[in-house]
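just a sequence and a predicted model for now, questions to come.
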Amino acid sequence: MAEQPTYNVLKTWAFDDWGLYGRGDELLSRALARHPRVGRVFHVQPPVDPAQLRTRFRDPRWEQDMANQLRRLRGVEDDGVFLFTPTASPDRREAALDATVALLEREQAFARPLLMLHGLVNPFAGDLASRLGGRGVTRVAILRRDARAAYPPGADEHEALDEVYRAQLPGADLVWAGTRELRDELAALNPRTVLHPVGADQGLAGGKPAVELADLPRPLVIYAGSMRAYLNVGLIRGTADRLGDASFVFVGPAADFLLPLVSGLRNVHVIGPRPYGLLADYLAAADVAIAPHQVAPATKAVVPEKLFGYLAAGLPVVTTEVAGAEELRRLVWIA
């Protein structure tokens, strides 16, 4: 006899990567939807002003996901996960919260004990957690990345995020931290703090080499992901110059940032964003994958999900000494 589901899950936005590169939130939601103890999974993003979507869609990162973004405004089932983005009402902040609670009631989210997984950076998640506090919802705070790392200590943004952590973490039933350093720090605010391991998309193992890369000289070295992700441009240029017979391919969004910085290097190919569904094919065409990130406080606070995606695809991996690299030393080369 099949085991009956025990919980429903509400996942609030931590990073806006559904359908795009990275996809940590999406992979987690989809994995939970497949778990036999989980009934329904709801993924709720912060309120959006529909008028602002026109501006967002000018960003190449969003072009491939435009239809999916619009569907979420009314709520849509997406392969086992219910997606919803409430409409922002500038005159009435509570309207988005009201709409979200009403949708959860209509979709019977409370028919089973509800487990809420929420990020802390956007205030909507905290407001929703407070609104649901009287319903017996189990609240799990997720910090896959330390948002403070992008700002120097003492900066207003750093202090504001620090205050958010101090205000929200003590009341959580559980805290999931993305790095060991974060776990050790946050345990002082909430002793129920555990390490939240990074996962990978198993589908990345099944690619067929992308035809677009077939004629490039070998070996083929690939980077897949956002090109604003703390890339060390000097390291990229120096490596490509020294390994002139190899082809270096950069696939992903924000190509306009990297392209002018590597101009003049004939063996560097910045091809820009491709649909995520084709990523396995681009990885299958490569001989080695790289994560040439700067080594800085920001990258010491983030475990790059791409390392696990590269490994899932069966590629040798070379990375700089970012967070999590040391724990993968048996599997990757640290430059």
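Ah, there it is. Residues are numbered from 1 along each chain as shown.

where exactly do the helices run in this structure?
Under the criterion DSSP state H, the chain contains helices at 24-33, 50-56, 60-63, 66-71, 94-106, 123-131, 156-168, 180-186, 233-242, 255-258, 279-284, 305-312.

mean pLDDT for the ones you listed: which is lowest?
Lowest mean pLDDT within the helices of the chain: helix 60-63, at a mean of 56.

before we move on, the earlier item: which of the helices of the chain has the highest mean neighbour count?
helix 305-312 (a mean of 23; mean count of other C-beta atoms under 10 Å). (Glycine included, C-beta is placed from N, CA and C.)

packing partners of that one?
Contacts defined by 3 or more C-beta pairs under 8 Å, 6 or more residues apart in numbering; DSSP states H and E place helix 305-312 against strand 220-224, helix 279-284, strand 288-291, strand 317-319.

quick one: which of the ones you listed is nearest residue 111?
When the helices and strands packed on helix 305-312 are compared by C-beta to C-beta, helix 279-284 sits nearest residue 111, at 36.2 Å.

can I get that closest one as PDB, trimmed to CA atoms?
Listed next in PDB are the C-alpha coordinates belonging to helix 279-284 (Å, rounded to 0.1, in the frame of the first residue of the first chain):
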ATOM      1  CA  LEU A 279      22.000  23.200 -21.200                       C
ATOM      2  CA  ALA A 280      22.700  19.400 -20.900                       C
ATOM      3  CA  ASP A 281      23.600  19.400 -24.600                       C
ATOM      4  CA  TYR A 282      26.100  22.300 -24.200                       C
ATOM      5  CA  LEU A 283      27.700  20.500 -21.300                       C
ATOM      6  CA  ALA A 284      27.900  17.300 -23.200                       C
END
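
give me the below-cutoff pLDDT ranges for the stretch 201-335 of the chain.
Applying pLDDT under 70 to the stretch 201-335 of the chain flags the ranges 229, 298-301.

leaving out sequence neighbours, find the closest residue to residue 296.
residue 230 (6.8 Å; C-beta to C-beta, 6 or more residues apart in numbering).

distance of the one you found relative to residue 320?
9 Å (C-beta to C-beta, to the nearest Å).

from the chain's centre, how far out does stretch 149-156 sit?
21 Å (C-alpha atoms, centre = their mean, to the nearest Å).

neighbours of the residue nearest to residue 296, how many?
19 (other C-beta atoms under 10 Å).

for residue 101, see how far away it is.
Per C-beta to C-beta, residue 230 is found 38 Å from residue 101.

and if you look at residue 240?
Per C-beta to C-beta, residue 240 is found 53 Å from residue 101.

need the contact list for residue 44.
Neighbouring residues of residue 44 by C-beta atoms under 8 Å, 6 or more residues apart in numbering: 10, 11, 12, 13, 84, 85, 86, 100, 128.

mind redoing it with 10 Å?
10-13, 72, 75, 82-86, 96, 100, 103-104, 116, 118, 124-125, 128 (C-beta atoms under 10 Å, 6 or more residues apart in numbering).

repeat for residue 96
Applying C-beta under 10 Å, 6+ apart, the residues near residue 96 are 44, 46, 47, 48, 85, 86, 87, 88, 89, 124, 127, 128.

ok, now with 6 Å
47, 86, 88 (C-beta atoms under 6 Å, 6 or more residues apart in numbering).

neighbour-wise, give me the winner out of those residues.
Ranking the contacts of residue 96 using other C-beta under 10 Å puts residue 86 first, with 24 neighbours.

what separation is there between it and residue 132?
For residue 86, the distance to residue 132 equals 14 Å [C-beta to C-beta].

returning to what we had before: between the contacts of residue 96, which sits nearest residue 303?
residue 47 (29.2 Å).

that closest one is in contact with residue 86, isn't it?
Yes. With contact taken as C-beta atoms under 6 Å, residue 47 and residue 86 are classed as touching, separated by 4.7 Å.

which ones are touching the residue nearest to the spatial centre of the chain?
Taking C-alpha atoms, centre = their mean as the criterion, residue 24 is the residue nearest the geometric centre of the chain, at 3.6 Å. Residues near residue 24 by C-beta under 6 Å, 6+ apart: 144, 305.

how near is it to residue 302?
Taking C-beta to C-beta as the measure, residue 24 falls 10 Å from residue 302.

now do residue 189
For residue 189 relative to residue 302 (C-beta to C-beta), the value is 20 Å.
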